[in-house]
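Peer 1: coordinates only, sequence not included:
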């Protein structure tokens, strides 16, 4: 059969598949009008950490109309051996708007990315009664002028965890096609201000990440 004679049927099939997918995938406007999934729950008390709510700027919420944004300062008890302060942000929703890329906003706010790597964080063990596998987070050192900070972030779609934006969005794309709006998508970011790549900061952020990961 000549190639030209098969081109039209193939195009019709592709257009039909694209139409089916387009019907299943929402727009930002439709997500903003739809009922939002429950916001991420995060206790003010997490192990040796005590949190204080921080108001979310109006321009941030306007930029994420279909998402819930939770912002907290967490202070670790001096008795822990690694006292410190960390800012926690959790953006949650049911569409890709929730899967925020921190490179976008932080670069626009004047931060430079000095170093970046993947890090495995143990979040449970049989002895603790929570035998969960480790999660992979993104470990980033950032700076703005003389100020340095350490940032860890990851994405969660139900029980699936990612440490890169594109794989997380593709995972959400597959979930929306097969399950609809059922699962909540989350972007979790921890920032320890004034810190560098030190062992003390690693222990501090690992403990806070563990407390957040097992909260549900």
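Peer 2: Perfect, I can see it now. Note that this is a predicted model, so its numbers are computed, not measured.

Peer 1: helices or strands next to the helix or strand in which residue 142 is found in the packing?
Peer 2: Using DSSP states H and E, the element containing residue 142 is strand 135-144. Judged by 3 or more CB pairs under 8 Å, 6 or more residues apart in numbering; DSSP states H and E, strand 135-144 is in contact with strand 112-121, strand 147-157, strand 160-162, helix 199-213. For every residue, glycine as well, the C-beta is placed using N, CA and C.

Peer 1: in stretch 66-75, what counts as buried?
Peer 2: Within stretch 66-75, the residues that count as buried by 16 or more other CB atoms under 10 Å are 66, 67, 68, 69, 70, 71, 72, 74.

Peer 1: Over to stretch 199-212?
Peer 2: By neighbour count on 16+ other CB under 10 Å, the buried set for stretch 199-212 is 201, 202, 204, 205, 206, 207, 208, 209, 210, 211, 212.

Peer 1: Can you lay out the helices and strands packed on strand 135-144 as a markdown table showing mean pLDDT?
Peer 2: Output for the helices and strands packed on strand 135-144, formatted as a markdown table (pLDDT from 0 to 100):
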| stretch | mean pLDDT |
| --- | --- |
| strand 112-121 | 94 |
| strand 147-157 | 93 |
| strand 160-162 | 92 |
| helix 199-213 | 90 |
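
Peer 1: any weak-confidence spans in the protein?
Peer 2: Applying pLDDT under 70 to the chain flags the ranges 1-40, 81-83, 124-131, 180-182, 195, 197, 216.

Peer 1: Might you report the residue contacts of the residue most central in space within it?
Peer 2: Geometric centre of the chain, nearest residue: residue 187, 1.5 Å, by CA atoms, centre = their mean. Going by CB atoms under 8 Å, 6 or more residues apart in numbering, residue 187 touches 89, 90, 91, 92, 98, 99, 100, 153, 155.

Peer 1: quick one: which of these has the most company?
Peer 2: Greatest neighbour count in the contacts of residue 187, by other CB atoms under 10 Å, goes to residue 98: 28 neighbours.

Peer 1: so that one makes contact with residue 64?
Peer 2: Yes - using CB atoms under 8 Å, residue 98 makes contact with residue 64 at a distance of 7.3 Å.

Peer 1: So for these two, which residues contact both of them?
Peer 2: Taking CB under 8 Å, 6+ apart as the criterion, residue 98 and residue 64 both touch residue 91.

Peer 1: on that earlier part again, tabulate the helices and strands packed on strand 135-144 (TSV), appending distance to residue 41.
Peer 2: Output for those, formatted as TSV (distance: least, CB to CB, whole Å):
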stretch	distance to residue 41
strand 112-121	20
strand 147-157	13
strand 160-162	17
helix 199-213	11
